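> Quick check, what structure comes out for this input:
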Amino acid sequence: MHIPPYHKKAIWQRFFVGALIGAVIAYCVFAYMYNTMYERLLENNLELKSQVTDLKNQNDALLKDKKDLDEKNKKELTVESIEVTVTNAKNLKLDHLTAHQMEDIIKAEINQIIGQEVRIIDESSELLTSTIENKEFAINDFTYSFTVTKIAITQTVKIEVEAKTSS
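Numbers count the residues shown, from 1 in each chain. Below you'll find the predicted structure:
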């Protein structure tokens with residue numbers, strides 16, 4: 001039995017080349033769609049993990065603070081949560097994951113202020129500022145330093161920072 005030599009005819013050569021190119025394009029489209037979906041899911045997962053960590057820390061600090069307040073019978077305001085915002089994330093062309101990691105690292109660095117009295121934190125706001133500014137953080141093979149541009153100390157400490165890449 002003889003197999004006809006279709007590979008020698010130009011029409012069949014065009015068909016096979018077209019099928020190959022179509023398969024490559026389809027694979028590229030599939031890979032792009034999968035990667036964007038996976039990136040969104042990863043970002044959502046990191047955000048949820050961060051929220052869980054913040055809530056656990058906040059809960060532990062508040063339970064400890066409640067015990068201390070019951071003993072003292074004072075009703076002083078305490079720090080309940082921390083919010084960090086990187087103001088120049090778009091200028092540095094950072095993706096959402098990196099900006100979120102920056103915020104989490106800064107929150108972890110100053111996490112010990114949760115449960116402290118607002119008055120004490122307000123008196124030591126310069127120490128809080130220098131704690132953030134004097135440390136360099138490594139994220140994704142880059143080293144970043146931060147400058148505190150705005151800090152608001154209430155029951156929720158709100159900190160706005162500008163990130164700079166260190167050389």
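> quick one: the helices in this structure?
For the chain, the helices defined by DSSP state H cover 10-72, 96-109, 118-123, 125-133.
> Make TSV out of these and add mean pLDDT, mean neighbour count and distance to Thr85.
For every residue, glycine as well, the C-beta is placed using N, CA and C. Shown next, in TSV, are these (pLDDT from 0 to 100; neighbours: other Cβ atoms under 10 Å; distance: least, Cβ to Cβ, whole Å):
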stretch	mean pLDDT	mean neighbour count	distance to Thr85
helix 10-72	90	11	14
helix 96-109	90	18	7
helix 118-123	88	15	18
helix 125-133	90	14	12
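> could the ones you listed be laid out in TSV, adding distance to Phe142?
Listed next are the helices of the chain as TSV, based on distance: least, Cβ to Cβ, whole Å:
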stretch	distance to Phe142
helix 10-72	18
helix 96-109	8
helix 118-123	30
helix 125-133	17
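> so which of the ones you listed gets nearest Ser166?
helix 125-133 (12.2 Å; Cβ to Cβ).
> how about the CA coordinates for stretch 97-112, as CSV?
The C-alpha trace of stretch 97-112 is given here as CSV (Å, rounded to 0.1, in the frame of the first residue of the first chain):
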residue,chain,number,x,y,z
LEU,A,97,0.5,42.5,44.2
THR,A,98,3.8,44.4,44.9
ALA,A,99,1.9,47.4,46.3
HIS,A,100,-0.1,45.1,48.5
GLN,A,101,3.0,43.3,49.7
MET,A,102,4.6,46.7,50.5
GLU,A,103,1.5,47.6,52.6
ASP,A,104,1.6,44.2,54.4
ILE,A,105,5.3,44.5,55.2
ILE,A,106,4.9,48.0,56.7
LYS,A,107,1.8,46.8,58.7
ALA,A,108,3.8,43.9,60.0
GLU,A,109,6.7,46.2,61.0
ILE,A,110,4.5,48.5,63.1
ASN,A,111,1.9,45.8,64.2
GLN,A,112,2.9,46.2,67.9
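> wait, which of the helices of the chain is closest to Asn88?
With Cβ to Cβ as the measure, helix 96-109 is the member of those nearest Asn88 (9.9 Å).
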